Each structure stands twice: as C-alpha cells, then as structure tokens.
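Q: what follows is a predicted protein model with its sequence.
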Amino acid sequence: MSDCLFCKIVEGKIPSAKVYEDDDMLAFKDIAPARPVHVLLIPKKHITSLATLAADDAGVLGRMLARANAIAVEQGSPDGFRVIINTGRVGQQEVPHLHIHIVGGPEPVGPMLKRI
Ligand code: AMP
Ligand code: ZN
C-alpha cells in the first residue's frame, strides 16, 4: 500500500530503529515509547488490522507471536512483557497496518495501559 506509513518503513522509505527482521516480519522501536521497552512488530505484507485478516494470514501472526519473547528479552525485558494489538475505531488503532506492541522493561509495566 503506497500511502501506508508502516509499508513505507518496510520498504525503507521511512527510517526506523530496526530490532528484528526476517522474510515476513519487521520489528522496530516505537517512536514514542510508553515503557522502557516498546517495540512494534509488523507483518511485511500489508494487513490493515485484526478485523481484516485473510484466512492465510494466521500463519504469519502465529510466527510473530512466537518471536515476541526473544525480541523482548533482547531489548531489555527478560522476565515477561505485554502485547497489545489496537484494532479499529473502538480499539483506537492509529496506524492502519497491523502491529503488535511489545511493551516491557526491567520493571513491571503496571496496570492495563490507558493508551499506547
Ligand atoms: P496504534 O495506536 O496502535 O495504531 O499505534 C501506533 C504506534 O505507532 C504509536 O505507538 C506511535 O508512537 C507509533 N509510531 C507512529 N509513527 C511511527 C514511526 N515513524 N516509527 C515508529 N513508531 C511510530
Ligand atoms: Zn501497510
């Protein structure tokens, strides 16, 4: 999608602080971190949100979730983390390219976050 911010990050047209990449996903630091560790993990393929998944998108989503712990540990959250996937209007999703927030840090993240 040519006008999608995160597709432009995948294509290298917009810079990002990349922390992990493989054939079907990319992880980079959130530009406005809510916690000491705050990484966004996205599929390289444009998927708008959890509300618009195709049947064959389940595989990449599973691989993304399976990668989250290693990313969190490497970024400084060795004892767990939280994943958040804001979805659509009610979920207050701001960027319409599916992304998994990985939030953590050496200390507990606190109660459910108000806004990420
Ligand atoms: P959401 O509200 O779930 O759609 O989250 C969008 C996230 O993208 C926010 O946490 C923003 O801080 C983050 N963000 C927006 N633009 C960039 C960017 N260019 N690089 C890294 N993170 C970004
Ligand atoms: Zn996109």
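A: It's in. Ligands and ions are numbered 1, 2, ... in the order given.
Q: list the buried ones in the longest helix that the chain contains?
A: When the chain is parsed with DSSP state H, its longest helix is helix 58-75. Using 16 or more other CB atoms under 10 Å as the test for burial, helix 58-75 gives V60, L61, M64, R67, A68, I71, A72, Q75. (Glycine included, C-beta is placed from N, CA and C.)
Q: reformat these into a markdown table and put distance to ligand 2 and pLDDT next to each item.
A: Shown next, in a markdown table, are the buried residues of helix 58-75 (distance: CB to the ion, whole Å; pLDDT from 0 to 100):
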| residue | distance to ligand 2 | pLDDT |
| --- | --- | --- |
| V60 | 13 | 97 |
| L61 | 15 | 97 |
| M64 | 15 | 98 |
| R67 | 19 | 98 |
| A68 | 20 | 98 |
| I71 | 20 | 98 |
| A72 | 23 | 98 |
| Q75 | 23 | 98 |
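Q: closest one to L50 out of the residues you listed, please.
A: L61 (8.4 Å; CB to CB).
Q: could you measure from that closest one over to I100?
A: 9 Å (CB to CB, to the nearest Å).
Q: now do P78
A: 19 Å.
Q: neighbour count for the two, which is higher?
A: Neighbours were counted for P78 and for I100 using other CB atoms under 10 Å; I100 has more, 22 against 14.
Q: tell me if stretch 78-87 is near ligand 1.
A: Yes: residues of stretch 78-87 are located near ligand 1 by CB under 6 Å from any ligand atom, namely N86.
Q: what mean pLDDT does that stretch get?
A: Averaged over stretch 78-87, pLDDT sits at 98.
Q: same deal with stretch 20-27?
A: Stretch 20-27 comes out at a mean pLDDT of 98.
Q: ok now it, how far from the chain's centre?
A: Taking CA atoms, centre = their mean, to the nearest Å, one finds the center of stretch 20-27 at 11 Å from the center of the full chain.
Q: about what we covered before: what's the following helix or strand after the longest helix of the chain?
A: Counting by DSSP states H and E, the next helix or strand C-terminal to helix 58-75 is strand 82-84.
Q: do you know the pLDDT at the closest residue to Q75 other than its chain neighbours?
A: Spatial nearest neighbour of Q75, excluding adjacent residues (CB to CB, 6 or more residues apart in numbering): V37 at 4.6 Å. Looking at V37, its pLDDT is 98.
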